[in-house]
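Visitor: please work out how this folds:
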Amino acid sequence: MKKTLVLVLVALGASLLGLTQEEGCTLSGRLGMEFEFVPTPPATIEVNTTITLGLMFAGASVESRTVLSLDGLEEEHFKMGVDLGGVALTTGMRFDPCFSKYWFEVRGGCCPFDLGALFLVENLAATCEPEDFTVGLVLDMGLAFDSGFFVHSLTGFGVEDLYHLIDEDPATELTAVAGWWFEEELLQMGFAGECLRTESIVVFDELGFAWSQFYASYTWLEPVVELGARVRLNSVFALEWAELILGVTIDPVGLRSITRFDWGGFLSQEIDVSISFSGIRLYSHTLFDFTGLISETIGFELGF
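Guide: This is a model prediction of the structure:
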């Protein structure tokens, strides 16, 4: 199976390279590296290094994300995609460090409709133990109107954590589970304007209603100031947590703060700082709670 997957990726890469040469497209990309420091009681620190590389050409893209620790390779993520003029194909693999996941996604549609499907094969066994493969499927349907209103539906079979597909965090992924049956349904509705964005998300699992989330933000321009709030309710409609979001961007510096709390008080604080100049972005991400620092991430990204 591994040899077949490798041959498929090589064939796809060769076809994309041929397409690039035929069209004479200019190559562009990005290179990044970040270091994550996680304090571990009583007096040690875990250090993880992530190296990212992305190349884009002729409507095609190749991306790699490598996670290293002091013990060696932790994870390797590899993704390839191509846009065929209205239909986008994407495939990827993960090693941690042995082969653990393969997925393939197709997406397309005609305004205002957007349709997609994601198929995955994942190993549920412990790292480098005898394989225990399972399969999963996500059906994706959406509507987006010129007025700014949108509706989005994700249906998962054999997978959980559908929210990780839309949270825009590259470190989060779907969670595969044993079996081939319905696991989750995610409904997303909202409005996205030039300054105002509102969004509501409702998630159902095999037991019924699981949780809901509501988000609203307003952005002022010149300088860019974002003010928002996000609230999540659990399965009994009680407050799970709420977040206050404040972002300020005065070129070339950007600052974003997310404060999370519940009825009991303060839960955690996230602070993001970035500086962009000459195609280079320097950034840091700090996460702490009332007990102290949870993690500190610093990194850079170079565009070319």
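Visitor: name the element the closest residue to Val253 other than its chain neighbours belongs to?
Guide: Nearest non-adjacent residue to Val253, counting by Cβ to Cβ, 6 or more residues apart in numbering: Ile275, 5.5 Å away. To be clear about C-beta, it is placed using only N, CA and C from the backbone, and glycine gets the same treatment. Using DSSP states H and E, Ile275 maps to strand 265-277.
Visitor: check which helices and strands the host helix or strand of Tyr215 sits against.
Guide: Counting by DSSP H and E, the element that carries Tyr215 is strand 208-220. Judged by 3 or more Cβ pairs under 8 Å, 6 or more residues apart in numbering; DSSP states H and E, the packing partners of strand 208-220 are strand 196-205, strand 224-233.
Visitor: what strands flank the last one, and is each parallel or antiparallel?
Guide: Read that as strand 224-233. As defined by DSSP bridges, the strand partners of strand 224-233 come to strand 208-220 (antiparallel), strand 239-250 (antiparallel).
Visitor: could you do the first one as well?
Guide: In the sheet containing strand 196-205, its partner strands are strand 182-192 (antiparallel), strand 208-220 (antiparallel), by DSSP bridges.
Visitor: got the buried residues for the shortest one?
Guide: Of the residues in strand 182-192, those with enough neighbours to count as buried (16 or more other Cβ atoms under 10 Å) are Glu183, Glu184, Glu185, Leu186, Gln188, Gly190.
Visitor: quick one, what contacts the third one?
Guide: Glu185 sits next to Ser153, Leu154, Thr155, Gly156, Leu162, Val203, Phe204, Asp205 when contact means Cβ atoms under 8 Å, 6 or more residues apart in numbering.
Visitor: point out where the stretch 1-150 of the chain drops to low pLDDT.
Guide: Applying pLDDT under 70 to the stretch 1-150 of the chain flags the ranges 1-25.
Visitor: hey, where'd the strands end up in it?
Guide: 28-40, 44-57, 60-69, 72-83, 87-95, 99-108, 113-123, 133-144, 149-157 (DSSP state E, counting those that start in this stretch).
Visitor: let's have these in a markdown table, adding mean neighbour count and distance to Ala178.
Guide: Listed next are the strands of the stretch 1-150 of the chain as a markdown table, based on neighbours: other Cβ atoms under 10 Å; distance: least, Cβ to Cβ, whole Å:
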| stretch | mean neighbour count | distance to Ala178 |
| --- | --- | --- |
| strand 28-40 | 15 | 30 |
| strand 44-57 | 15 | 29 |
| strand 60-69 | 18 | 25 |
| strand 72-83 | 16 | 22 |
| strand 87-95 | 17 | 18 |
| strand 99-108 | 18 | 15 |
| strand 113-123 | 17 | 10 |
| strand 133-144 | 17 | 5 |
| strand 149-157 | 18 | 12 |
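Visitor: Thr297 is nearest to which of those?
Guide: Among the strands of the stretch 1-150 of the chain, the nearest to Thr297 by Cβ to Cβ is strand 28-40 (4.6 Å).
Visitor: sheet-wise, list the partners of the closest one with their directions.
Guide: strand 44-57 (antiparallel), strand 292-303 (antiparallel).
Visitor: I'd like the average pLDDT over stretch 192-204.
Guide: Averaging pLDDT along stretch 192-204 yields 95.
Visitor: so how far is that stretch from its chain's centroid?
Guide: The chain centre lies 17 Å from the centre of stretch 192-204; the measure is Cα atoms, centre = their mean, to the nearest Å.
Visitor: give me the contact list for that stretch.
Guide: With Cβ under 8 Å, 6+ apart, stretch 192-204 has contacts from 148, 150, 162-163, 184-191, 209-221, 228.
Visitor: please apply the same query to stretch 63-78.
Guide: Counting by Cβ under 8 Å, 6+ apart, 9, 46-55, 79-80, 92-97, 170 sit against stretch 63-78.
Visitor: kind regards, and thank you for your time.
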